[in-house]
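Test case, fold it:
(one chain, ligands or ions: 2)
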Amino acid sequence: MAMRITPSILNADLADIANEVARVPSSDMIHFDVMDNHFVPNLTLGLPVVESLKKHTATPIDVHLMIEDADTWAPQYAELGCESVTFHAEAAKAPIRLARELRRLGSRAAMALKPTTPIEPYADIITEFDMILLMTVEPGFGGQSFLDSVLPKIRRTRELVRKTGQEIWIQVDGGVSVDTIGRAAEAGADVFVAGTAVYRAGDPDAMVNQLRDLAITACAH
Ligand SMILES: O=C(CO)[C@@H](O)[C@H](O)COP(=O)(O)O
Ligand SMILES: [Fe+2]
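Ligands and ions are numbered 1, 2, ... in the order given. Just a heads-up that it's a prediction; the model follows:
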């Protein structure tokens with residue numbers, strides 16, 4: 001199974017995003033956290049910044065929308081050419097219609113679940129998605145501790161994905177580091193967001209490669 005690393009720019013120098021992205025050329029995608037101060041108690045960046053960043057990087061952009069009105073806003077990120085657009089199950093009014101709209105616009109469609117939101121109610125619709133994001137912290141802030149309580153849900157989601165026979169990525173986001181990535185990979189995750197671990201490292205690009213190697217090793221066991 002391929003293992004993908006997507007650094008979160010939330011922990012980078014937000015006044016210098018294009019250069020911060022250029023510091024991690026080994027990344028498979030760049031994770032862009034959009035927060036609206038309603039769905040989560042924090043406010044970050046939005047469409048105009050993504051639009052500008054797109055002109056500075058060829059690395060695929062993995063947008064994580066932590067916003068209330070996902071049905072209205074998510075398609076606009078796909079229209080900008082974002083390769084992957086993730087909305088929260090807790091925020092979307094019509095997740096199936098929204099996923100189909102994102103795919104129609106040429107983006108990968110992804111749905112995120114907070115740590116205490118179960119996967120089982122979505123079991124019959126996971127084939128509508130290219131990726132399921134299982135939050136391993138409460139969304140809203142970088143630098144929090146990885147929640148081991150999410151590991152059983154990662155295992156259950158991997159089993160559901162296996163039964164579909166389709167390639168649906170399982171992403172984890174929050175507290176992913178050299179100490180925790182192995183547990184997440186062993187449980188079945190294959191896409192790893194890392195903010196603090198990458199951007200607080202002395203050599204962020206070396207950290208991207210180290211994290212990927214650790215995930216590959218853990219998955220092989
Ligand atoms: O979506 C979020 C937080 O809500 C994440 O993408 C964080 O930005 C990841 O940061 P670390 O936990 O890796 O520091
Ligand atoms: Fe995120």
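
which parts of stretch 144-159 are buried?
Residues of stretch 144-159 classed as buried: 146, 147, 150, 151, 153, 154, 156, 157, 158 (neighbour count, 16 or more other Cβ atoms under 10 Å). For every residue, glycine as well, the C-beta is placed using N, CA and C.

Tell me who's in contact with whatever residue of the chain ends up closest to ligand 2.
Distances between the chain and ligand 2 by Cβ to the ion are smallest at residue 64, namely 3.7 Å. Counting by Cβ atoms under 8 Å, 6 or more residues apart in numbering, residue 64 touches 8, 31, 32, 33, 34, 86, 112, 133, 173, 193.

Most neighbours out of those residues, which is it?
Neighbour counts for those, by other Cβ atoms under 10 Å, peak at residue 86, which reaches 31 neighbours.

Just say helix, strand or coil for it.
Following DSSP: H, G, I helix; E, B strand; the rest coil, residue 86 is assigned to strand.

So in terms of bridging, what pairs with the nearest residue to it once chain neighbours are set aside?
Leaving out its chain neighbours, the residue that sits closest to residue 86 by Cβ to Cβ, 6 or more residues apart in numbering is residue 110, at 3.8 Å. Per DSSP bridges, the residues bridged to residue 110 are residue 86, residue 131.

Could you check how many residues crowd around residue 110?
Other residues within reach of residue 110, judged by other Cβ under 10 Å, total 25.

Next: the one 10 residues further on.
The burial metric for residue 120, expressed as a neighbour count using other Cβ under 10 Å, is 10.

Would you mind giving me the confidence score for it?
Predicted confidence (pLDDT) for residue 120: 98.

likewise residue 11?
We have a pLDDT of 89 for residue 11.

got it, and residue 43?
Residue 43 is assigned a predicted lDDT (pLDDT) of 97.

Then residue 1?
Confidence at residue 1, expressed as pLDDT, is 88.

now the contacts of residue 64 in TSV, with secondary structure?
Shown next, in TSV, are these (three-state DSSP):
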residue	secondary structure
8	strand
31	strand
32	strand
33	strand
34	strand
86	strand
112	strand
133	strand
173	strand
193	strand
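
From those residues, list the ones also adjacent to ligand 2.
For ligand 2, the contacts drawn from these by Cβ under 5 Å from the ion are 33, 173.

Out of the contacts of residue 64, which are close to ligand 1?
Among those, the ones lying near ligand 1 by Cβ under 6 Å from any ligand atom are 8, 31, 33, 173, 193.
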